[in-house]
Every structure is written in C-alpha cells, then in structure tokens.
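Enquirer: Quick one, what's the 3D model for this:
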Amino acid sequence: MASKTKTEVKLDEKDKLILKELQQDCKQTFKELAKKLKLPETTVKRRVKRLEKEGVIKGYHAVLDPRKAGKTVAAFFYIQGQRTPDYSIKEMGMKLTKMPCVQEVYAVVGEKDFLIKGYYTDLDEYFKLADDLVPYSKSGGGILVSKVFKETLALNLK
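Expert: Purely as a prediction, here's the structure:
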C-alpha cells in the first residue's frame with residue numbers, strides 16, 4: 001500500500017463530491033453547488049475555502065480547445081539533458097518551463113530526463129521548438145500526435 005506524501009490532504013466524501021462538481025463547472029455559485037449536493041451553502045463555502053487554502057484547488061481557469069484556438073499540432077518531446085558538472089534536473093526543468101510553446105514539463109525516470117508537451121500552430125513552430133531544445137539536450141526526439149482521444153485536467157477522485 002502506498003504511503004501518503006507530506007503534502008497530501010485528507011479528503012472525505014463531501015470534499016470529493018464538491019471537487020468533482022467544481023471540475024465539471026467551476027463557475028457555479030456556492031448556492032448552486034450546495035443545492036446540487038444537498039448540503040448547506042455555508043458548509044460548501046467553508047470546504048471550498050479550506051481546499052483552496054490547503055492547495056488542493058490550485059486555481060480556476062478557462063480550459064481552451066487548442067485546435068479551435070489555432071494550435072492544431074500536438075506533440076511531445078523527450079530529452080536527455082546535457083550532463084555537465086553543474087547539470088541540475090531542477091534548473092533544467094525551470095528553463096524548459098519558460099519556453100513559450102511548452103505547456104507541460106515532467107522530469108521522468110528512465111532513458112531520458114524530461115517529457116515535454118506542447119501545442120503548435122504548424123510544423124514550423126514545432127520544429128522551432130525542436131531547434132530551441134538542442135542546446136539543452138544530449139539526445140531526444142519528438143512524437144507528433146495524430147489524434148487525441150481523451151484530454152482532461154479532471155482527476156478521478158474515487
């Protein structure tokens with residue numbers, strides 16, 4: 001059985017119901033949320049504020065459809081960083097996050113150090129990022145996505 005990390009927050013069933021609803025529609029009012037969940041509005045408001053304070057809820061954002069916003073090329077890059085005496089996964093990861101076309105950066109265990117996700121307007125923009133990654137990487141590659149079947153930010157909180 002996996003142990004809990006120091007930062008994990010204990011969520012009860014009411015918290016999970018609230019989070020599930022907010023993931024589906026974060027624009028609903030506390031009153032609407034309370035009515036859906038059959039909970040007092042004050043309870044819902046208190047719990048949401050606690051979940052925000054504890055960092056379970058990191059923010060509220062508009063989720064854009066990349067294709068409709070003109071970003072029709074989805075791709076992943078995987079790279080192994082340049083192994084210099086001052087090489088640091090953390091510093092390298094922070095440099096990668098500052099690249100404008102990069103949406104997600106993951107430090108990974110295995111043959112490569114990073115998995116990078118992004119959306120691009122066209123192949124020229126994709127190849128520009130590939131060129132921009134060269135100084136940071138010893139080796140790597142890219143994968144163009146041909147079709148997205150599922151993409152979500154919602155977590156399954158069973």
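
Enquirer: quick one: secondary structure of the spatially closest residue to residue 60 that is not a sequence neighbour?
Expert: In space, and not counting its chain neighbours, residue 60 is closest to residue 26: 4.7 Å by Cβ to Cβ, 6 or more residues apart in numbering. To be clear about C-beta, it is placed using only N, CA and C from the backbone, and glycine gets the same treatment. Assigned with DSSP: H, G, I helix; E, B strand; the rest coil, residue 26 falls in the coil class.

Enquirer: got the phi/psi numbers for the residue nearest to the spatial centre of the chain?
Expert: Taking Cα atoms, centre = their mean as the criterion, residue 104 is the residue nearest the geometric centre of the chain, at 6.2 Å. The phi/psi pair for residue 104 (degrees, to the nearest 10) reads phi -140, psi 140.

Enquirer: Can you check the pLDDT for it?
Expert: Here, the pLDDT recorded for residue 104 equals 96.

Enquirer: Check residue 4 too.
Expert: With respect to pLDDT, residue 4 scores 51.

Enquirer: Determine the number of other residues adjacent to residue 126.
Expert: Neighbourhood size, residue 126 [other Cβ atoms under 10 Å]: 20.

Enquirer: one step back: give the contact list for the residue nearest to the centre of the chain.
Expert: 116-118 (Cβ atoms under 8 Å, 6 or more residues apart in numbering).

Enquirer: distance of residue 86 from residue 114?
Expert: Look at residue 86 and residue 114: by Cβ to Cβ, to the nearest Å, they are 17 Å apart.

Enquirer: Just after the helix or strand harbouring residue 22, pick out the following helix or strand.
Expert: Per DSSP states H and E, residue 22 falls inside helix 13-24. Using DSSP H and E, the helix or strand that directly follows helix 13-24 along the chain is helix 30-37.

Enquirer: I'd like the average pLDDT over that next one.
Expert: For helix 30-37, the per-residue pLDDT averages 97.

Enquirer: Would you indicate which residues of stretch 34-52 are buried?
Expert: For stretch 34-52, the neighbour count (16 or more other Cβ atoms under 10 Å) marks 34, 39, 44, 47-48, 51 as buried.
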